[in-house]
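1. Structure, please.
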Amino acid sequence: MTGKRTAFVNARLVDPASRLDAPGGLLVEDGLIRDLGPRLFHDGHPADAEIVDCKGRVLAPGLIDMRVFTGEPGSEHRETLASASRAAAAGGVTTIVVMPNTDPIIDEPSLVDFIKRRAAATASVRVLPMAALTRHLAGETMTEIGLLMEAGAIAFTDGDRTIANARVMRRALDYASTFGALVVGHAEDPDLSAGAAMNEGEFATRLGIPAAPNVAETIIVERDIRLVELTGARYHIGQISCRASLDAVADAKARGLPITCGVSAHHLALNELDVGSYLTFRKVKPPLRSEADRAAMVEGVASGTIDVIVSSHDPQAADTKRQTFAQAAFGAVGLETLLPAALGVHHDGRATLLHLLATMTTAPARILGLDAGTLAKGAPADLVLFDPEVPFVVEADDLHSRARNTPFEGRKFQGRAQMTFVGGVCVYDRARDAEN
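-> Here you go, the predicted model:
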């Protein structure tokens, strides 16, 4: 006896993994993709299937976001796994990879298990935990990588903290390599960036805001590339934001080193001038860079040097943002604007839709070793249906996150998720959401 069947008809199937971009249909059964293709349902759809008329819109693998901060456990007033998953679903994101920067910090197997159990009970999308690379995120003592992997940690990182001690970082990379574990680094020299609130340059000087040079990022990128060369560990730079870092990564890849990197959607769409009159919602880490650096990030995505685009979703309470720029907290929400902001690279003619979607589907799936990010037969039916052309304006009050610190308030975009499915189950429907 077969289970529930759903037939997606009149779709534009876009699958970066197979380079498919064609009109057609897709059949889901028991949470898996059973069939798809241009001629599927040409002779009629199954009588027992629920029909989803895609109306010519794009049907693609659900997005995988490799950098999401939440407040659970410890700061649920900022964000819970449940509220983060609602925001993810509204943005077409079907898998979120959560950082260990919580209270308590995710540096013990029991806490990895807690995240998995809590997500299973409350989240509407898939939640994968990264575990801390060092105990208490202090950058001094390695965590038990093997035990944390057994508990379900997908990768190891200190989140938005840099391991400043090169000896500790070398040992962590060396230890991780024995397990084949992925290490995710944060590139920011803590001494050069101490007390800084934005990118060093003429604009920061005019505003009178303490700033750090972009070399604070590149120094760590280049250091860690040398350590990867020494250890052979798999290493992913969570975010880069400037031309010099991009060039360093390109050189490392040309030498065959196992290095990948990401960029946040807001570093593709905004530059330091968007800080404007001390807009704290645009105070992020790394800081928004010069226009030349922003253009370099777009170039890196288009060339494939940058592997993934992330939301860098970092919800903050209102009272931590309603302060002077120098004292306000870093961070911006981004799960619901990841796809629209990234689509700007496609609309500007810099990348095909297939290439752009690969940075949020097949590439993160490959880096993390996931059976996801594709429309292949037998793959989980994690899907997003979206119209890449529909215009809209971002309004903070319409966001599903508990926090409202979006850097894109009032921004006009083209393209947003209309429906999101996880395991074949609809977890978000924009038409239904608009009625409520």
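
2. Helix, strand or coil: sort out residue 246 for me.
-> Assigned with DSSP: H, G, I helix; E, B strand; the rest coil, residue 246 falls in the helix class.

3. got the contact list for it?
-> For residue 246, the contacting residues are 240, 296-297, 299-300, 305-306, by CB atoms under 8 Å, 6 or more residues apart in numbering. C-betas here are computed from N, CA, C, even on glycine.

4. Tell me the one of these nearest residue 350?
-> The shortest approach to residue 350 among the contacts of residue 246 belongs to residue 299, at 7.7 Å (CB to CB).

5. What's the local residue count around that closest one?
-> 15 (other CB atoms under 10 Å).

6. going forward can the numbers begin at 52, since that is how I track them
-> OK, 52 is where the count begins now, so the last one is residue 350.

7. hang on, the earlier thing: mind checking which of the contacts of residue 297 are in helices?
-> In this view, these that belong to helices under DSSP state H are 347-348, 350-351.

8. Mind telling me the two of those residues farthest from one another?
-> Once CB to CB is applied, the ones in helices among the contacts of residue 297 give 348 and 350 as the farthest pair, at 7.2 Å.

9. Now do the domain split for this protein, please.
-> Domain segmentation of the chain under automatic domain parsing yields 56-110+431-440+463-486, 113-419.

10. that older thread, can you tell me which two in the contacts of residue 297 are farthest apart?
-> 291 and 350 (12.1 Å).

11. which residues are contacting the longest helix belonging to the chain?
-> Looking across the chain with DSSP H, the single longest helix is helix 266-282. Residues from elsewhere that reach helix 266-282 (CB under 8 Å, 6+ apart): 213, 217, 220-221, 224-225, 228, 236-240, 243-244, 247, 284, 286, 288, 291-293, 295-296, 299-300, 303, 306, 308-310, 337.

12. hmm, which of those are the buried ones?
-> Buried by 16 or more other CB atoms under 10 Å: 213, 220-221, 224, 228, 236-240, 243-244, 247, 284, 286, 288, 291-293, 295-296, 299-300, 303, 308-310, 337, out of the contacts of helix 266-282.

13. List the ones among these that fall in helices.
-> Per DSSP H, the subset of the buried ones among the contacts of helix 266-282 in helices is 220-221, 224, 228, 295-296, 299-300, 303.

14. And those residues, which is closest to residue 437?
-> Nearest to residue 437 out of those is residue 300 (CB to CB; 29.3 Å).

15. For the stretch 152-301 of the chain, just list every one of the strands.
-> Secondary structure of the stretch 152-301 of the chain (DSSP state E, counting those that start in this stretch): strands at 177-180, 182-183, 207-208, 233-236, 249-250, 262-263, 285-288.

16. got these as JSON lines, with mean pLDDT and distance to residue 486 columns?
-> Output for these, formatted as JSON lines (pLDDT from 0 to 100; distance: least, CB to CB, whole Å):
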{"stretch": "strand 177-180", "mean pLDDT": "98", "distance to residue 486": "27"}
{"stretch": "strand 182-183", "mean pLDDT": "98", "distance to residue 486": "41"}
{"stretch": "strand 207-208", "mean pLDDT": "98", "distance to residue 486": "40"}
{"stretch": "strand 233-236", "mean pLDDT": "98", "distance to residue 486": "40"}
{"stretch": "strand 249-250", "mean pLDDT": "97", "distance to residue 486": "41"}
{"stretch": "strand 262-263", "mean pLDDT": "96", "distance to residue 486": "46"}
{"stretch": "strand 285-288", "mean pLDDT": "98", "distance to residue 486": "41"}
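
17. Would you mind putting those strands into a markdown table with distance to residue 96 alongside?
-> What follows is the strands of the stretch 152-301 of the chain, written out as a markdown table (distance: least, CB to CB, whole Å):
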| stretch | distance to residue 96 |
| --- | --- |
| strand 177-180 | 28 |
| strand 182-183 | 44 |
| strand 207-208 | 44 |
| strand 233-236 | 41 |
| strand 249-250 | 53 |
| strand 262-263 | 57 |
| strand 285-288 | 41 |
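
18. Tell me which of these sits nearest to residue 84.
-> The closest of the strands of the stretch 152-301 of the chain to residue 84 is strand 177-180. By CB to CB, the value is 15.6 Å.

19. got any ranges where this protein has weak pLDDT?
-> By pLDDT under 70, the low-scoring segments of the chain are 52-54.

20. mind running it again at 90?
-> Across the chain, the ranges flagged by pLDDT under 90 are 52-55, 89-99, 484-487.

21. So what's the gap between stretch 138-156 and the chain middle?
-> 9 Å (CA atoms, centre = their mean, to the nearest Å).

22. and the end-to-end length of that stretch?
-> Taking CA to CA, to the nearest Å, stretch 138-156 runs 23 Å from one end to the other.

23. List the buried residues for it?
-> Neighbour-count burial for stretch 138-156 [16+ other CB under 10 Å]: 138-153, 156.

24. among these, which are in helices?
-> 138-141.

25. Neighbour-wise, which one of the ones in helices among the contacts of residue 297 leads?
-> Among these, residue 348 has the most neighbours (other CB under 10 Å), with 27 neighbours.

26. residues in contact with the host helix or strand of residue 85?
-> Assigned by DSSP states H and E, residue 85 belongs to strand 83-88. Residues outside strand 83-88 that contact it (CB under 8 Å, 6+ apart) are 56, 64, 75-79, 426-432, 475.
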